[in-house]
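Participant: Have a look at this fold, sequence not included:
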């Protein structure tokens, strides 16, 4: 199944800063749920995407490359494709992103020519559009945080004061002889127990949560919102049939 998806969002940074950030493939891919970049070589990269579809776990492994980069126009095109390791489907996409200045912020328009086969294709275009909109919200929130942190770090580095050349730090005065330590106070039971008590162990690091994209959890609310009338009608019919059976 093939479809074209269009999304627009705003990044709170200049066009040049946003363009530079998008060149860090690993960082940008890390903002997409379930995605991991395993290798980058020039304009080519390899990676994987974990997807949960109810009890089914899909792991798409694939490759991608920047087939076009126009820094002057702030436009790039990425061609990516992958397939599930267990043969449950394939996915391919040509992604075109265009950036434009918006008074200090950057408007980004992303057009995705998507082609998918297998189980995810069963949801249809409408559901996939809604799911992609929801995932984009998560992606943009993560991207805004990354760009905001890098912008703040750059501003902090620019405002750091540099010690003028030729200035010398005066030597510290020689230390005076240490005074003799006062005699130790007699140990009490309370202080002995406190000294002998072992230090509390540091809290265990929480187990890392599964970073797979839970497509089922994302799709179910959308399906419920879209098809609640049909589901309600089916439930009424089912209750009517059960009632008629009991009367017999």
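Facilitator: Noted; the coordinates are in hand. Every value quoted in this text rests on a predicted model; they were computed, and no experiment measured them.
Participant: Lowest mean pLDDT among the helices and strands, pick that one out for the chain.
Facilitator: helix 189-196 (a mean of 43; mean pLDDT, DSSP states H and E).
Participant: Tell me the confidence at residue 216?
Facilitator: Predicted confidence (pLDDT) for residue 216: 53.
Participant: oh, and call the first residue 33 from now on, that's how I've got it
Facilitator: Fine by me, first position is 33 from now on; the one you just mentioned is residue 248.
Participant: Sheet partners, orientation included, of the lengthiest strand in the chain?
Facilitator: Looking across the chain with DSSP state E, the single longest strand is strand 88-102. Sheet pairing of strand 88-102 (DSSP bridges) gives strand 76-85 (antiparallel), strand 107-116 (antiparallel).
Participant: can you redo the ones you listed as JSON lines with distance to residue 47?
Facilitator: All C-beta atoms are positioned from the backbone trio N, CA, C, and that covers glycine. As requested, the strands paired with strand 88-102 are exported to JSON lines (distance: least, CB to CB, whole Å):
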{"stretch": "strand 76-85", "distance to residue 47": "23"}
{"stretch": "strand 107-116", "distance to residue 47": "11"}
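Participant: Let me know which of the ones you listed is the nearest to residue 127.
Facilitator: Comparing the strands paired with strand 88-102 against residue 127 with CB to CB, the closest turns out to be strand 107-116 (4.6 Å).
Participant: in the helix or strand that the closest one is followed by, what counts as buried?
Facilitator: Going down the chain from strand 107-116, the next helix or strand is strand 122-134, by DSSP states H and E. Residues of strand 122-134 classed as buried: 122, 123, 124, 125, 126, 127, 128, 129, 130, 131 (neighbour count, 16 or more other CB atoms under 10 Å).
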